[in-house]
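**Q** Fold the following.
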Amino acid sequence: MTVVCVLADPPRPGLVFPDLVETAPLSADEAADLYAAGLRDICAAVEGSGGDLLVNYRPDDAIPDEHVPADADAEAEVRDALESALDAPADARFEVQVGETFAGRAGNTVTHLLEQEEVASVAVTEPAAAFCSRQEIDEAAMKLRRAPVVLGPSTGGRVYFAGFTEPIDFDGAYTPPALRTLTDRAGDAGHEVDFLKSLPMLETGADLAEALLQVETRRTAGRPVPSHVAEWLDDSGLTVVTDEDGGLELAGE
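**A** Have a look, this model is predicted:
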């Protein structure tokens, strides 16, 4: 089985999805609610797949002081967010992240599991990857039987999923464009790379417009959607319009 690590922050306003607050008609509270919805969807997808879920949460002593209230409890907040989304929340594995950057935290987790726990394959994803379903996770597990590195590309050269059967040099491995950097690092280590289909992420206003359009069209076509994010979008009052250049943008109520 592939151990799928979801790197998660406690869903606190101002801490999570800051770029969404800057680029979309959302408040910090609304962005935190969307982050929690994405966390539920990606963790439920992992639980429903053939992989093993590991929730890697960032502890309070690794979070900037301005985002740590007096009653903070990062683990409890992440667990509470997932309580209603998982079939067996008590069975989910929660561990503290170690590292100062996303790449460092991902690398420490992957390397520890491969080398110390001797698992066959490890993958890293995050709440912004809410559109990553159990189908992609299971497909990645199959691809990891043939290729030591499997990446799920998103727009802007980003990566929503990265799976490994062998470690790479993770120092700065998510430097934008992460798709190129991770591929180069795999090549430097002599590893073949395979890819999943491209999926949207939830980090900016442009991403959110694309996500809303994806949910609308998938529903029309009778295709599955990330249920918690879709519910949040239904309640948000946001719509997708085209700008003067034919691009997508968000409009509020």
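**Q** What are the boundaries of the strands in this structure?
**A** In the chain, the segments counted as strands under DSSP state E are 2-8, 52-57, 93-96, 121-125, 149-153, 159-164, 193-195, 239-242, 248-251.
**Q** need these in TSV with distance to residue 111 and mean pLDDT, can you?
**A** Just so you know, the C-beta spots here come from the backbone N, C-alpha and C atoms, and that holds for glycine as well. Conversion of these to TSV gives the following (distance: least, C-beta to C-beta, whole Å; pLDDT from 0 to 100):
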stretch	distance to residue 111	mean pLDDT
strand 2-8	12	97
strand 52-57	13	97
strand 93-96	14	96
strand 121-125	9	98
strand 149-153	14	98
strand 159-164	9	98
strand 193-195	18	98
strand 239-242	41	84
strand 248-251	39	78
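**Q** Among those strands, single out whichever gets nearest to residue 15.
**A** For residue 15, the closest of the strands of the chain is strand 2-8, at 11.1 Å, according to C-beta to C-beta.
**Q** neighbouring strands for that closest one, and are they parallel or not?
**A** Strand 2-8 sits in its sheet next to strand 52-57 (parallel), strand 121-125 (parallel), going by DSSP bridges.
**Q** Between strand 159-164 and that strand, find me the angle.
**A** When axes from the mean of the first three to the mean of the last three C-alpha atoms, to 10 degrees is applied, the directions of strand 2-8 and strand 159-164 differ by 140 degrees.
**Q** before we move on, back to that, as a markdown table, the strands of the chain with mean neighbour count and distance to residue 20 would be great.
**A** Listed next are the strands of the chain as a markdown table, based on neighbours: other C-beta atoms under 10 Å; distance: least, C-beta to C-beta, whole Å:
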| stretch | mean neighbour count | distance to residue 20 |
| --- | --- | --- |
| strand 2-8 | 25 | 16 |
| strand 52-57 | 22 | 20 |
| strand 93-96 | 13 | 25 |
| strand 121-125 | 26 | 18 |
| strand 149-153 | 24 | 20 |
| strand 159-164 | 26 | 16 |
| strand 193-195 | 17 | 26 |
| strand 239-242 | 13 | 15 |
| strand 248-251 | 16 | 10 |
